[in-house]
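Enquirer: Build the 3D model from these lines:
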Amino acid sequence: MSIWKKNLSLEALNRTSKNTLIEHLQIEYTAFTDDSLSATMPVTHITHQPLGMLHGGASVVLAETLGSLAANYCVDDAHYCVGLDINANHVRAMRSGHVIGTAKPLHLGVSTQVWQIDITDEKQRLVCTSRLTIAVKKHKKVNR
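Expert: Residues are numbered from 1 along each chain as shown. You can find the predicted model right below:
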């Protein structure tokens, strides 16, 4: 059974990145299943730290991007989701290529969600694992 409460399309998801940090880091949504969302990010000078390796902060951006967007597709139009806490363990250095992030929910509650985001290299070796806690908020009604 699908967790999504809104229609997903890779084209629409990638349009949300226009003029954002996501576009600058060249993150591209590539796949979704009934309970996951995936994206790729290049490992180049754009995402390197000064020693020429993938910057841990870039991995965290990929993780929060995936988890936050996925969370917002798991709530109805009366609600929205924002990141509350994120942690990341960087377990493998990368100097080139692409990383692939995949977000899956651990908990989809009324007021919070928890997402696990694993980032792997092109050989499916773990590069970073992250856990994102999301606050689920209700849109405020505006009197007109």
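
Enquirer: Tell me which other helices or strands the one helix or strand residue 87 maps to touches.
Expert: Using DSSP states H and E, residue 87 maps to strand 79-90. Strand 79-90 sits against helix 56-72, strand 126-138, with contacts defined as 3 or more CB pairs under 8 Å, 6 or more residues apart in numbering; DSSP states H and E. For every residue, glycine as well, the C-beta is placed using N, CA and C.

Enquirer: where does the protein dip in pLDDT?
Expert: 142-144 (pLDDT under 70).

Enquirer: again, only using 50
Expert: Across the chain, no stretch falls below the confidence threshold (pLDDT under 50).

Enquirer: name the element residue 45 belongs to?
Expert: Going by DSSP H and E, residue 45 is not in any helix or strand.

Enquirer: mind listing what residue 23 touches?
Expert: Applying CB atoms under 8 Å, 6 or more residues apart in numbering, one finds that residue 23 lies in contact with residue 17.

Enquirer: Just want the angle from the strand holding residue 87 to helix 56-72.
Expert: For strand 79-90 against helix 56-72, the angle by axes from the mean of the first three to the mean of the last three CA atoms, to 10 degrees is 150 degrees.

Enquirer: after strand 79-90, next one along is what?
Expert: Next element after strand 79-90 (DSSP H and E): strand 98-108.

Enquirer: Number of residues surrounding the residue nearest to residue 24 when sequence neighbours are not counted?
Expert: With CB to CB, 6 or more residues apart in numbering as the criterion, residue 24 has its nearest non-adjacent residue at 7.5 Å, and that residue is residue 46. Using other CB atoms under 10 Å, residue 46 has 12 other residues around it.

Enquirer: Point out the most buried one among the helices and strands packed on strand 79-90.
Expert: helix 56-72 (a mean of 22; mean count of other CB atoms under 10 Å).

Enquirer: circling back to that earlier point, possible to save the helices and strands packed on strand 79-90 as TSV with distance to residue 32?
Expert: Below are the helices and strands packed on strand 79-90 laid out as TSV (distance: least, CB to CB, whole Å):
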stretch	distance to residue 32
helix 56-72	8
strand 126-138	17
